[in-house]
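Visitor: Mind looking at a prediction? Sequence and model below.
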Amino acid sequence: MPTVLDPQTRRALAARMRYYNELGIYDFYRRDSHATSESATPGVEPDSSIAPQPEEREEMPSRKSAAAAHAASTSAEGNTLEVLAPRPEQRASDPAEALKIIKDEIGPDCTRCKLGKQGRKQVVFGVGDPRAELMFVGEGPGADEDAQGEPFVGRAGQLLNNMIKAMGIRREDVYIANVVKCRPPGNRTPERDECETCSPFLMRQIAVVKPKVVVALGAVSAKNLLAINAPMSELRGRFYDFMPVGIRPDAEWQGTKLAVTYHPAFLLRDPRQKGEAWKDLQMVMKYLGLKPPTKTE
């Protein structure tokens, strides 16, 4: 039988809900008292304009996912409501409108984390087909992206375009986003609180687009999405069943497949790994029924 909340607890719970809504969190679920928090890894791998860092990073600080931490807080409040508030984009009539609602909620001058106060020029939300079957998730905007307001437009973006073309589709046919939406100062790796603050918006983007496959570009993107701290050699070469954190499955969409490959910026630094990245993309192509273009196309 549901627990009846006293007025003081209701007010406290309402205040907490407003706080979470401001962070872009709308869905909350019951957690068993013995459930353990997920661990993941913060940080964003550099774009081509960032100082080289090894792709095979293994040891990264663990963190609780934002949604898991919030769910635990909800459980501490009495574990009484399974879903406390609907996401505003659920009112939208189509995915493009829903994405605009999320983008408008973030706002052009977001200061939810330190990145909004440390020199970034603009929020880099995402771009592409709002009904795309294939979605690429990078790690964060670099200098070119910060200047143009669109993900993957620098040298790494040109390589990503070539990778997409080699799959037999166009950039306009996919959706592209990042774990964090503001460029860190000096292109440093985003800090834990920055990833946790921004990742709920990415999860909502994925839930709106409802792709058949998400491709995580780079170790940091993969580890943030999967909450798995493992080297690329272990993360690549397979599909993961993936449901965005904080998103409840429905009859229309039961989640997606997630694949991991190297970040284009890493491939620019080590072209020898392009063959391995192509193997990853071929796995995705087979799942989606895609064929590479012929020479005459």
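Guide: Noted; the coordinates are in hand.

Visitor: you'd agree residue 246 is up against residue 202?
Guide: No. Using CB atoms under 8 Å, residue 246 is not in contact with residue 202, being 10.6 Å away. Where C-beta positions appear, they are placed from N, C-alpha and C, glycine not excepted.

Visitor: contacts for stretch 115-126?
Guide: Residues from elsewhere that reach stretch 115-126, judged by CB atoms under 8 Å, 6 or more residues apart in numbering: 99, 102-103, 106-111, 141, 145-147, 149-151, 175-178, 180-185, 190, 194, 205.

Visitor: So which of those are in helices?
Guide: Under the assignment DSSP state H, these contribute 99, 102, 103, 106, 145, 146, 147, 194, 205 to helices.

Visitor: count of neighbours near residue 177?
Guide: Using other CB atoms under 10 Å, residue 177 has 24 neighbouring residues.

Visitor: Roughly how far does the closest residue to it other than its chain neighbours sit from residue 285?
Guide: Nearest residue to residue 177, sequence neighbours excluded (CB to CB, 6 or more residues apart in numbering): residue 126, at 3.7 Å. Remark: distance between residue 126 and residue 285 (CB to CB, to the nearest Å) = 22 Å.

Visitor: Who has more neighbours out of these two?
Guide: Applying other CB under 10 Å to residue 126 and residue 285 shows that residue 126 carries more neighbours, namely 24 against 19.

Visitor: separation between the more buried one and residue 292?
Guide: 26 Å.

Visitor: Kindly report the same for residue 207.
Guide: Taken as CB to CB, the span from residue 207 to residue 292 is 30 Å.

Visitor: Those two - which one has more neighbours?
Guide: Shown here are residue 207 and residue 292; by other CB under 10 Å, residue 207 has more neighbours (25 against 15).

Visitor: Verify the contact between the more buried one and residue 242 for me.
Guide: No. When contacts are counted by CB under 8 Å, residue 207 is not listed as touching residue 242 (11.1 Å).

Visitor: before we move on, back to that, where's the dip in pLDDT among the ones in helices among the contacts of stretch 115-126?
Guide: Within the set of the ones in helices among the contacts of stretch 115-126, pLDDT is lowest for residue 194 (88).

Visitor: That residue reaches residue 113, doesn't it?
Guide: Yes. Using CB under 8 Å, residue 194 makes contact with residue 113 at a distance of 4.5 Å.

Visitor: Could you check how far residue 275 is from residue 287?
Guide: Distance from residue 275 to residue 287, by CB to CB: 20 Å.

Visitor: So which of the two has more stuff around it?
Guide: residue 287 (15 against 8).

Visitor: buried sites along the helix or strand harbouring the more buried one?
Guide: For residue 287, the host element (DSSP states H and E) is helix 274-288. Residues of helix 274-288 classed as buried: 274, 276, 277, 278, 280, 281, 283, 284, 285, 288 (neighbour count, 16 or more other CB atoms under 10 Å).

Visitor: a markdown table for the residues you listed, including distance to residue 250 and pLDDT?
Guide: Converted to a markdown table, the buried residues of helix 274-288 look like this (distance: CB to CB, whole Å; pLDDT from 0 to 100):
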| residue | distance to residue 250 | pLDDT |
| --- | --- | --- |
| 274 | 38 | 97 |
| 276 | 36 | 97 |
| 277 | 33 | 98 |
| 278 | 35 | 98 |
| 280 | 29 | 98 |
| 281 | 29 | 98 |
| 283 | 27 | 98 |
| 284 | 24 | 98 |
| 285 | 28 | 98 |
| 288 | 22 | 98 |
